[in-house]
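Chemist: Build me a model:
(one chain, ligands or ions: 2)
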Amino acid sequence: MTIRIGIINVSDRASQGIYEDIPGKAIAQTLQEYLTSPWEQEYAVIPDEQHLIEQTMIDMADNRGCCLIITSGGTGPALRDVTPEATEAVCQKMLPGFGELMRAKSLTYVPTAILSRQTAGIRNQTLIVNLPGKPKAIRQCLDAVFPAIPYCIDLLEGPFIECNSAIMPVFRPQSS
Ligand SMILES: Nc1ncnc2c1ncn2[C@@H]1O[C@H](COP(=O)(O)OP(=O)(O)OP(=O)(O)O)[C@@H](O)[C@H]1O
Ligand SMILES: Nc1nc2c(c(=O)[nH]1)N[C@H]1C(S)=C(S)[C@@H](COP(=O)(O)O)O[C@H]1N2
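Modeler: Ligands and ions are numbered 1, 2, ... in the order given. Here you go, the predicted model:
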């Protein structure tokens, strides 16, 4: 089973070319370091438009076979920040522990971590995880939650993801 992972940078400015797409590239770079299994990426840089975010997530999950979609940006309190709303709209189940853990870890770096409403959820067999848009937040948040992601994808009957244990200590319960 091919491991296909979707990366979506939600940013008005990056999508207009005003910012370089640093967060999206940081996600791809981090996954490249973590995974020893071969994987392919689906990639998008889009503005903070809820309908477009939902359509991009649906396309990556339903048509392009992504077992995992990671978003960056649009999780804060600003008027145009709607990534968590889009995530909830396309998911059947939410996994609030992801947001709780990422905020807790992020709080050790910046007090404004509480401003992120980042969450995670499941659409059919696809796990969707939100990260904040700050480039530094990408690695900090992924390091916190990625140990549980391969097992989550096992439970969704997706592909078996193997990682470099020195860089990413994945945890799978013994009984699995
Ligand atoms: N390429 C980048 N270089 C430097 N900082 C960045 C970059 N992309 C994002 N950031 C930082 O992360 C923050 C959040 O970015 P994000 O794009 O999610 O939200 P934003 O500030 O609301 O941008 P926009 O209004 O364009 O959607 C930015 O305000 C900025 O401080
Ligand atoms: N690890 C980490 N988390 C972080 C930050 C950060 O710099 N590092 N910035 C916070 C800030 S300032 C905001 S406004 C929120 C939301 O960011 P977003 O709208 O770019 O998603 O993420 C928060 N979480």
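Chemist: Thr75 is in contact with Cys117, correct?
Modeler: Small correction: residue 117 is Arg, not Cys. Yes - with contacts counted by C-beta atoms under 8 Å, Arg117 reaches Thr75, the gap being 5.2 Å. (Glycine included, C-beta is placed from N, CA and C.)
Chemist: Identify the contacts common to the two.
Modeler: The contact sets of Arg117 and Thr75 overlap at Asp81, Pro84 (C-beta atoms under 8 Å, 6 or more residues apart in numbering).
Chemist: Could you look up the SS state of the spatially most central residue of the chain?
Modeler: Within the chain, one residue has its C-alpha closest to the average C-alpha position: by C-alpha atoms, centre = their mean, that is Ile70, at 2.2 Å. When the structure is split into helix, strand and coil by DSSP: H, G, I helix; E, B strand; the rest coil, Ile70 lands in strand.
Chemist: before we move on, what about the one 10 residues further on?
Modeler: Put simply, Arg80 is coil when judged by three-state DSSP.
Chemist: So the residue nearest to the centre of the chain sits against Pro23, correct?
Modeler: No - the pair Ile70 / Pro23 is not scored as a contact, 9.9 Å apart, by C-beta under 8 Å.
Chemist: joint contacts of the two?
Modeler: By C-beta under 8 Å, 6+ apart, the residues touching both Ile70 and Pro23 are Leu131.
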